[in-house]
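Enquirer: any chance you can model this:
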Amino acid sequence: MCLIFDSGKYIVINGVLQLISYMKEQNAILFTHPPVGSFSTTGLVVSSKLPRFSDLYTLTIASADSKSVSANKPVELTRSVTKWFTKDGELVEGLLWKEVDGLINKYGREPKKSK
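Expert: Residues are numbered from 1 along each chain as shown. Reported below is the predicted structural model:
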């Protein structure tokens, strides 16, 4: 009887955690703190999306607090994943990092939104 009760608690708590994760994080794969020495009080959220049956991968960088005065506009990179793999199916890491680095630089250059 005790084992069934413990299993039930586990299922309920796990369900609540999944719901919180789904509602809060959505497609996010990384949350950051503000850079050291920065005047910004908000970090970044990096999210990704690869729809089913599609080769188009979307990577998005946005402010963790979009209402913050220091928040830049979100930037997106959408590319076919075939650009980052060889014919043998191996990831060409340098090409991927070059594109991600460009996206990070683009986010840093984006003008602040006007209020």
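
Enquirer: any idea which helix or strand comes after the longest helix anywhere in the chain?
Expert: Longest helix in the chain by number of residues (criterion: DSSP state H): helix 2-25. For helix 2-25, the following helix or strand on the C-terminal side (DSSP states H and E) is strand 28-31.

Enquirer: now tell me what touches the longest strand along the chain from outside.
Expert: Secondary structure of the chain per DSSP state E: the longest strand is strand 56-63. Residues outside strand 56-63 that contact it (CB atoms under 8 Å, 6 or more residues apart in numbering): 27, 42-50, 70-72, 74-81, 100, 103-104, 107. All C-beta atoms are positioned from the backbone trio N, CA, C, and that covers glycine.

Enquirer: neighbouring strands for it, and are they parallel or not?
Expert: Strand 56-63 has the following strand partners under DSSP bridges: strand 44-49 (antiparallel), strand 75-80 (antiparallel).

Enquirer: packing partners of the strand or helix carrying residue 97?
Expert: Assessed by DSSP H and E, residue 97 sits inside helix 93-109. With contacts taken as 3 or more CB pairs under 8 Å, 6 or more residues apart in numbering; DSSP states H and E, helix 93-109 sits against strand 56-63, strand 75-80.

Enquirer: what's the distance between residue 68 and residue 6?
Expert: Distance, residue 68 to residue 6, by CB to CB, to the nearest Å: 43 Å.

Enquirer: with neighbour numbers in mind, choose between those two.
Expert: Legend: neighbour count by other CB atoms under 10 Å for residue 68 and residue 6, higher for residue 68 (14 against 10).

Enquirer: skipping adjacent residues, who's closest to the more buried one in space?
Expert: residue 42 (4.6 Å; CB to CB, 6 or more residues apart in numbering).

Enquirer: tally of neighbours for the one you found?
Expert: For residue 42, the neighbour count with other CB under 10 Å is 18.

Enquirer: isn't there a strand covering it?
Expert: No - judged by DSSP: H, G, I helix; E, B strand; the rest coil, residue 42 forms no part of a strand; its state is coil.
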